[in-house]
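Novice: I'd like to go over a predicted model; first the sequence, then the structure.
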Amino acid sequence: MSLFRSWIFVPGNNERRLEKAKDLQADVIIYDLEDAVALSEKDKAREMVRQAIGNNSEKIHFVRINDPSTAYFFDDVNELAGHGLTGIVLPKAAKREQILFVDHLLSQMEEKRNTNIGSIEIVPLIESAAGLYNAFEIAGASERIKRLAFGAVDFTLDINAQLTKEGTELLFARSQLVIASRAAGIEPPIDTVFVDIKDREGLLRDTRLAKQLGFQGKLVVHPDQIEVVNQVFAPTAEEIEEAKVITAAFDEALSSGVAAIQVNGKLVDYPVAARAKKIVDQAKALGK
Ligand SMILES: CC(C)(COP(=O)(O)OP(=O)(O)OC[C@H]1O[C@@H](n2cnc3c(N)ncnc32)[C@H](O)[C@@H]1OP(=O)(O)O)[C@@H](O)C(=O)NCCC(=O)NCCSC(=O)C[C@@](O)(CC(=O)O)C(=O)O
Ligand SMILES: [Mg+2]
């Protein structure tokens, strides 16, 4: 079971940061060809990212390509698809038709390069009012989509909201993304970046909120943010211990035909036991 807690953006044209990415403890690396790269550097970045993926085959890699309305999109897909990347992050995802188009192009690239058709994932980045409104349709548009991600910087720009540390302005969008994802039958989404790199407490609060709302992980922009995100999205030792007690007690109860019991003063029934099992599975994936 792979973990998808922390997703770090690494600017695709920065040699030093591409090199550093190899040793980071992030679960996923996103090599960025979009907004972290100046227009004059797009071609160079594409080549650098290709090399970085080749030199770093252990990790789960995504590339954030430029969106289909740009002049860079086709070259990004053509030069990177089928070269060892796990998938693409599709920025400015706003409607189902975009996904169908990208899906079709990826299938052609996979066929040309003798890779399994459908193996390259797509993570649509929802960062506009239209994207949020169509999130359910986007999530269900292709088998390649396992999860959505949220981009609050562009989103607040689009809806004329102020991006604050409290994130009140994001509450509806965040919840809507969680619900659209689960209604479409895909995994919980990945939350937006927290831009104040020096504010550890702020990041901790923001990440806890994302977890509470149902997100599975969070995008980050700086190595210092990885540890907080990994910690918040991993169960604590107490949670693991409690989950083990609950699953053992519930399995025993079920064998006697009982499906509602009390453990440490709390009701345990099927959904409570299912949540506990998820924690036990996550702990196993973390080697705990
Ligand atoms: C912010 C800053 C410039 C600060 O750099 P500074 O150099 O001042 O930082 P320092 O503290 O000095 O770095 C200490 C050491 O870490 C190394 N180091 C730093 N960052 C590293 C890194 N990312 N990867 C590997 N290594 C790294 C560095 O090389 C140094 O190592 P060394 O050289 O040994 O000293 C840098 O982090 C950075 O570029 N971040 C990524 C920016 C980016 O990708 N933006 C696009 C994604 S967001 C977006 O698009 C919004 C969105 O689309 C998406 C959404 O929300 O979904 C929306 O709409 O909302
Ligand atoms: Mg953006």
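Specialist: Noted; the coordinates are in hand. Numbers count the residues shown, from 1 in each chain. Ligands and ions are numbered 1, 2, ... in the order given.

Novice: what's the pLDDT at residue 50?
Specialist: On pLDDT, residue 50 comes in at 93.

Novice: pretty sure it contacts residue 82?
Specialist: No: proximity of residue 50 to residue 82 does not meet the contact threshold set by Cβ atoms under 8 Å, at 11.0 Å. (C-beta placed from N, C-alpha, C; glycine too.)

Novice: what does this structure put close to ligand 2?
Specialist: 127, 151, 154 (Cβ under 5 Å from the ion).

Novice: roughly how far does residue 248 sit from residue 282?
Specialist: 17 Å (Cβ to Cβ, to the nearest Å).

Novice: between the two, point out the one with more neighbours.
Specialist: residue 282 (19 against 13; other Cβ atoms under 10 Å).

Novice: backbone dihedrals for residue 125, please?
Specialist: phi -90, psi 110 (degrees, to the nearest 10).

Novice: all strands of this protein, in order?
Specialist: 6-11, 28-32, 60-64, 87-90, 121-126, 149-150, 190-191, 217-220, 261-263, 266-268 (DSSP state E).

Novice: so for residue 227, which of those strands sits nearest?
Specialist: Among the strands of the chain, strand 6-11 comes nearest to residue 227, with 8.5 Å by Cβ to Cβ.

Novice: tell me the angle that closest one makes with strand 28-32.
Specialist: Interaxial angle of strand 6-11 relative to strand 28-32 (axes from the mean of the first three to the mean of the last three Cα atoms, to 10 degrees): 20 degrees.

Novice: okay, now the sheet partners of strand 6-11, with direction.
Specialist: Applying DSSP bridges, strand 6-11 is found paired with strand 28-32 (parallel), strand 217-220 (parallel).

Novice: close to ligand 1, is the first one?
Specialist: Yes: interface with ligand 1: strand 28-32 contributes residue 32 (Cβ under 6 Å from any ligand atom).

Novice: quick one, phi psi at residue 259?
Specialist: Torsion angles, degrees, to the nearest 10, at residue 259: phi -120, psi 10.

Novice: separation between whichever residue of the stretch 101-250 of the chain sits closest to ligand 2 and residue 92?
Specialist: Nearest residue of the stretch 101-250 of the chain to ligand 2: residue 154, at 3.7 Å (Cβ to the ion). Residue 154 sits 7 Å away from residue 92 when distances are taken as Cβ to Cβ.

Novice: mutual contacts of the two, please.
Specialist: Common neighbours of residue 154 and residue 92, using Cβ atoms under 8 Å, 6 or more residues apart in numbering, are 127, 128.

Novice: still on that earlier bit, redo the strands paired with strand 6-11 as a markdown table? Include mean neighbour count.
Specialist: Shown next, in a markdown table, are the strands paired with strand 6-11 (neighbours: other Cβ atoms under 10 Å):
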| stretch | mean neighbour count |
| --- | --- |
| strand 28-32 | 27 |
| strand 217-220 | 27 |
